[in-house]
Structure formats: structure tokens, C-alpha cells
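Participant: one predicted model, sequence on top.
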Amino acid sequence: MMQIVAEQIGKKYRKEWIFRRVDLTLTAGNSYTFVGPNGSGKSTLLQLLAGSLPATEGQLLYSVAGKLLDPDDWFRQVSMAAPYLELVEELTLDELLRFHQTFKPFKAGLTPEVVADRLLLSHARHKEIKYFSSGMKQRVKLGLAFFSTAPVVILDEPTANLDRQGAAWYHQQVRQLSPDCLLLIGSNVPDEYDFCPNVLDVMQWK
Ligand SMILES: Nc1ncnc2c1ncn2[C@@H]1O[C@H](COP(=O)(O)OP(=O)(O)OP(=O)(O)O)[C@@H](O)[C@H]1O
């Protein structure tokens, strides 16, 4: 079983501590939402937990069935969607899905064609991502996270840019995630995490 443990982690930018002494044990099969006001550190903490930003102090551990993973292999465990993570704009949707699949496989039976269909974007398969609307791009980012085999799914502001239909799609998909995955959300919108029993306020780590 996948587990992420944070021991006394802290992050400092220049002279300002964004958070300190964060102790967490995040276990597969659960979802956790990090909440807090704008600028409180939700995105920074999610990027640390994803292993994509280094901590200033403390230690982060990834383990599977009690066995520690090499930090170089963490990225394989994680699929992350966030407004600040860009898609490759020059590719068509079809090309992007094929490219993505080469380093993060989709779940069994999900071909790029099926994924495009699940994204409600079959009509846009041959359109370059740069011509997608912000809501279409957001659906693609979420889909790459939802449909990959990575056991850790991290969603920062998942319904940003989504219209009502897009938000309904998000709710439907997030509830269909495998019960064994570890889901981490960063949010200020209660509707985005109404299904999530573990809500953690980042202000406690100031
Ligand atoms: N690269 C950086 N250099 C300096 N300061 C940074 C950097 N990235 C983030 N910060 C600061 O860290 C703090 C936390 O930012 P972060 O984006 O994690 O907050 P957030 O809770 O996700 O906010 P929001 O709800 O607005 O998305 C902010 O004060 C921000 O200015």
C-alpha cells in the first residue's frame, strides 16, 4: 500500500517561512484536502508532497508495502493536475495523449481515443491544445491525472475554469477513481471536496 510520510517538513522562500513542522501520514485508499486562504501555501505544500519542489527542512518519504522508494522513482507514482502546470500547446489532443502515454500509461483499456471520448473532447482530437478554451485545457489536465495508472492523484484547484457541465464531469470522474488510490486536493471551493472526509487547514502550520 502506497504511503507518503512528511516529517517536520517546512518551506522557506527567501526569508519567509510558508509553513513549518508539517507532520503527515497520507495513506492510499484515502483522500485529503488542503484548505486555506489565498497565498497560505496549499500549492506549495502539494508540490512538496508530489516531490516536485524540495523542502527547506524536514523529510519526505514514499513507501509501497512498507518499502521505501528512491526519490528518483517518486514521479512515476504521481499524477498531478494544477492551473500552473502547462500542457504542451503545440501538440494536438491526440498527439498529447499518445506522448503522455509513453511515460505515464493510461489504465487498462484506455486508448487515446477512449480517453478523448471520456474527456468529452472527441470532436477536438485533431485540434492543437493552444486553440483549446481554458475549460477544455482543464478537462485535459484532470483527465491525464484521472486516467493514468499512477496511485497518487494530486489535484490543485480542480474546478478552476470549468463551467457547470465541466464541474459535473469532475464530480463524476473523481468519484470513479480507484478506491486504492491516494487523492490529494488543494481547494478553496467546498463543492470541490464535499466527498472528502479529511480536510486539513494549512494555517495550522504557520
Ligand atoms: N517561487 C516563489 N518564490 C517566492 N515566494 C513564493 C514562490 N512561490 C510561492 N511563493 C509564496 O508562497 C506563499 C504560498 O503560495 P501558494 O501558491 O502555495 O499559496 P496557495 O495557498 O496555493 O494560494 P492560492 O489559494 O492563491 O492558490 C505565497 O506567499 C507566495 O507568494
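Facilitator: Looks like it came in fine. Source: prediction; values computed, not measured.

Participant: helices and strands around the worst-scoring helix or strand of the chain on mean pLDDT, which ones?
Facilitator: Here the helix or strand of the chain ranked lowest by mean pLDDT, DSSP states H and E is helix 74-77, holding a mean of 94. Packing partners of helix 74-77 (3 or more C-beta pairs under 8 Å, 6 or more residues apart in numbering; DSSP states H and E): strand 57-64. In short, each C-beta sits where N, CA and C put it, glycine included.

Participant: and the strand it packs on, what's buried?
Facilitator: Buried residues in strand 57-64, counting neighbours by 16 or more other C-beta atoms under 10 Å, are found at 58, 60, 62.

Participant: write out the residues of the protein neighbouring the ligand.
Facilitator: Residues of the chain lying close to the ligand (C-beta under 6 Å from any ligand atom) are 13, 18, 36, 38-44, 186, 188.

Participant: closest one of the buried residues of strand 57-64 to residue 104?
Facilitator: Using C-beta to C-beta, residue 62 comes nearest to residue 104 of the buried residues of strand 57-64, at 16.4 Å.

Participant: in contact with that closest one, which residues?
Facilitator: 2-4, 51, 68-69, 71, 74, 77 (C-beta atoms under 8 Å, 6 or more residues apart in numbering).

Participant: mind doing that once more with 10 Å?
Facilitator: 2-5, 26, 49, 51, 68-71, 73-74, 77-78, 152 (C-beta atoms under 10 Å, 6 or more residues apart in numbering).

Participant: among these, which lie within strands?
Facilitator: 2-5, 26, 68, 78, 152 (DSSP state E).

Participant: CSV for these, including distance to residue 115 and neighbour count?
Facilitator: Below are those laid out as CSV (distance: C-beta to C-beta, whole Å; neighbours: other C-beta atoms under 10 Å):
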residue, distance to residue 115, neighbour count
2, 23, 19
3, 28, 18
4, 26, 24
5, 32, 16
26, 27, 20
68, 32, 11
78, 19, 22
152, 19, 24
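
Participant: now do the same contact list for the nearest residue to residue 104 once chain neighbours are set aside.
Facilitator: Spatial nearest neighbour of residue 104, chain neighbours left out: residue 148 (4.6 Å); criterion: C-beta to C-beta, 6 or more residues apart in numbering. Residue 148 makes contact with 78-79, 100-101, 103-107, 110, 115 under the criterion C-beta under 10 Å, 6+ apart.

Participant: likewise for residue 154?
Facilitator: 46-47, 49-50, 52, 78-82, 85, 145, 182-186.

Participant: could you grab the helix/strand/coil label for it?
Facilitator: On the three-state scheme (DSSP: H, G, I helix; E, B strand; the rest coil), residue 154 is labelled strand.

Participant: grab the nearest non-local neighbour of it.
Facilitator: residue 80 (4.1 Å).

Participant: hang on, residue 166 is in a helix, isn't it?
Facilitator: Yes: according to three-state DSSP, residue 166 belongs to a helix.

Participant: got the contact list for it?
Facilitator: Per C-beta under 10 Å, 6+ apart, neighbours of residue 166: 120, 135-136, 138-139, 142, 159.

Participant: point to the residue nearest the middle of this structure.
Facilitator: Taking C-alpha atoms, centre = their mean, the centroid of the chain lies closest to residue 154, which sits 2.1 Å from it.
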